[in-house]
Each structure stands twice: as structure tokens, then as C-alpha cells.
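Undergrad: fold the stuff below for me.
(one chain, ligands or ions: 2)
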Amino acid sequence: MTDLPGIVITGASGRMGQMLCATVAASEKARLVGAVERSGHPWIGRDLGEVSGGQPNGVIVTDDPLEAFSKAQAVIDFTAPSATVEFARIAAQARCVHVIGTTGFEKAHLDALEPCARHAVIVRAGNMSLGVNLLTQLTRKVAQALDADWDIEVIEAHHNKKVDAPSGTALMLGRAAAEGRGIDLEENTESGRDGITGARKHGAIGFSAIRGGDIVGEHDVLFATAGERIVLRHIATDRAIFARGALKAALWGQDKKPGQYDMMDVLGL
Ligand SMILES: NC(=O)C1=CN([C@@H]2O[C@H](COP(=O)(O)OP(=O)(O)OC[C@H]3O[C@@H](n4cnc5c(N)ncnc54)[C@H](OP(=O)(O)O)[C@@H]3O)[C@@H](O)[C@H]2O)C=CC1
Ligand SMILES: O=C(O)C1=N[C@H](C(=O)O)C[C@H](O)C1
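TA: Ligands and ions are numbered 1, 2, ... in the order given. Next up, the predicted model:
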């Protein structure tokens, strides 16, 4: 029992944090050994089971990530970009596998992860579900088969608390489409259309975002040309799919060499 990998969840009170704590606590393959929240959070110093509305489970929520990570084999982190960069430094110090589900990174954040990956395994993906990772591969294949007369649009919908757009998943899908087509995504992105935009740029990959209510996450990749359209779609109805993927990644990473990996590596896709 105690040989099972110990896992710490950061942002433990968040939408994904709570789902991750429950998923790891219920797993027979891992132990929940820590929960981190930011300093001043009302959960600090309290039993995680109790504050989550259940029985005490002996995991005391802490604002000291180094202390928590030092007792663990993996950290699962769905928080915010600047917090994740800091957690990556600490996970590297503690030689913990760092599973990153956080989205909304800028280039500087991603650059900061590189030195950390020299010391520890990082598994990062904008979407940890099996379904979206399969959809990403399908998108790459379809884009490879079609020429630039097929307009590609990525349309995503999420809950009204989401802070970043396009979603991490939309960017994954857009990148796969660009790779399939053999073009650079950054040079061929069209997003945020409003007003007199002019006609669509030939060959561009477009992004649109919808925000509303409690939508967990929905993604369409639309391929449109004269006379026909193809739509590839994924609909998430339960955050458990992301948590299961993240736990799988944490276990997969245990015997890997330091470096940056993604869910395609974990799932062998
Ligand atoms: N890759 C994937 O499969 C998925 C990725 N996500 C991504 O995960 C991230 C979190 O999403 P969600 O759970 O909905 O968001 P929430 O806002 O519900 O949760 C984020 C949590 O992180 C905490 N946090 C932020 N900064 C720190 C810090 N410095 N130290 C400790 N805790 C911190 C927040 O605390 P506080 O409230 O005090 O700020 C909050 O508890 C987003 O980037 C989202 O896009 C979501 C689902 C799936
Ligand atoms: O913020 C969310 O909720 C989600 N974020 C991820 C993203 O940005 O794609 C994954 C999922 O769609 C839910």
C-alpha cells in the first residue's frame, strides 16, 4: 500500500483541483499525500476531506509546496500559468513528476519550463482526455488529406468562469491542423473577428470562443469548402475525464527520463 506513488494536488480547491483530489483518493494505484493552495486561502491548515464536505482523510492543506512535493513522487497541477512556472521549479528541486494541465501560457512561461525539465519529468497537455487526444490525431490526418481550399475553423465553448481563450485544447487542435497542412500556426491564425474584417485569408486557421453557464468543454474542428463540410467534434460532460488522464500521466511518468512530454506520449498515440 505505502509503495504506491504519492501524489500532491495544487490548486486543491479549484474546479479541477477538487476533481483531482477525489480521483487520486479513490485510486488503487496512487496515494493522495498532499494538497496545496495559495497563502491566505481559508483551507490552509485544515483537513482536505473535511473541507471538501466528506470524512477527515489526514491530508492537511498547505501553502508550502516544497514541503509537500518533497514527500511525493508526482504533482498534478491545474492552476494558472505563473503559479505553474513556480511549481515547476519546486517539482524539479524535489525530483517529482510534474503533470501540467494549466492552460493560457505565454512564450515566457513555456521558456521557463525548459530548465525545469532537465531535472524532472514534465507532462503537459491542454487537454488530458483520451477523446480529445484522439480528435487531435484525426484533425492532423484530415488536414493532411485536404488542400488549402478547405477552410479550417476551431470553435470552442466553455463555462463562464474560464479566463483564457482560445482554450488550450483549441490551440492543440489548431497546431495539429497546421502540422497536417505543413504550415506555421502563428503565421496563419485568424481569431477575434469583429467589424469589417475583410474576407477570410486563404489557408488561415480560424479560432472562435463561446463562454456560458457551466459548459465543461466542447470543441469542433470544421473543414469547409465549396459544396461540403466536415465537422470533427468532442464534447466533455464530466471533468473526471481530465482527472483520469492526469493520474495516468503521473503514473506513466514514474520511470521516464527528465524531459517534456505530452498526452500523446502517455497514451501511445
Ligand atoms: N489540460 C486539461 O485537461 C484541463 C485543463 N484545465 C485548465 O486547468 C486550469 C484550472 O482550471 P479550473 O480548475 O477550472 O480553475 P479554478 O479557478 O477553479 O482553479 C484554479 C485553482 O488554482 C489555484 N491557484 C491559482 N494560483 C495558485 C497558487 N499560486 N498557488 C496555489 N494555488 C493556486 C486557485 O486558487 P484561487 O482560487 O485562490 O486563485 C484555484 O483553486 C485552467 O488553466 C484550465 O484551463 C481545466 C480542465 C482540463
Ligand atoms: O478551463 C477549462 O474548464 C478547460 N480547459 C482546458 C482548455 O483550455 O482546453 C480543457 C477543457 O476544455 C476544460
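Undergrad: interface residues of this protein facing ligand 2?
TA: Contact residues (C-beta under 6 Å from any ligand atom) of the chain with ligand 2: 103, 126-127, 158, 162, 167-169, 217. All C-beta atoms are positioned from the backbone trio N, CA, C, and that covers glycine.
Undergrad: pLDDT at the residue in the chain that ligand 2 sits nearest to, what is it?
TA: Relative to ligand 2, the nearest point of the chain is G217 (2.8 Å; C-beta to the nearest ligand atom). The model reports G217 with a pLDDT of 98.
Undergrad: returning to what we had before: of the residues of the chain next to ligand 2, buried ones?
TA: Buried residues within the residues of the chain next to ligand 2, counting neighbours by 16 or more other C-beta atoms under 10 Å: 103, 126-127, 158, 162, 167-169, 217.
Undergrad: hmm, back to that, from the residues of the chain next to ligand 2, which ones fall inside strands?
TA: Assigned to strands by DSSP state E, the following of these qualify: 158, 217.
Undergrad: ok, and which of the residues of the chain next to ligand 2 reach ligand 1?
TA: Near ligand 1, by the rule C-beta under 6 Å from any ligand atom, you find 103, 126-127, 168 out of the residues of the chain next to ligand 2.
Undergrad: helices or strands up against the lengthiest helix in the chain?
TA: As assigned by DSSP state H, the longest helix anywhere in the chain is helix 130-145. Applying 3 or more C-beta pairs under 8 Å, 6 or more residues apart in numbering; DSSP states H and E, we find helix 130-145 packed against helix 168-181, strand 217-225, strand 228-236, helix 240-252, helix 263-267.
Undergrad: what does the fourth one contact?
TA: Meaning helix 240-252. 5, 7, 16, 19-20, 22-24, 27, 29-30, 73-74, 76, 78, 97, 99, 101, 123, 125, 127-131, 133, 236, 261, 263, 265-267 (C-beta atoms under 8 Å, 6 or more residues apart in numbering).
Undergrad: go on, the third one?
TA: Contacting residues not belonging to strand 228-236 are listed as 129, 131-132, 135, 138-139, 142, 169, 216-223, 242 [C-beta under 8 Å, 6+ apart].
Undergrad: what residues does the chain put near ligand 1?
TA: 10-11, 13-17, 36-38, 41, 78-80, 83, 101-104, 125-128, 168, 242.
Undergrad: the one helix or strand I7 maps to: what's the following helix or strand?
TA: Assigned by DSSP states H and E, I7 belongs to strand 6-10. For strand 6-10, the succeeding helix or strand toward the C-terminus, using DSSP H and E, is helix 15-26.
Undergrad: tell me the buried residues in that following helix?
TA: Buried residues in helix 15-26 (16+ other C-beta under 10 Å): 15-25.
Undergrad: what packs against that helix?
TA: strand 6-10, strand 31-36, helix 240-252.
Undergrad: deepest of these, which one?
TA: Compared across those, strand 6-10 shows the largest average neighbour count, a mean of 29 (mean count of other C-beta atoms under 10 Å).
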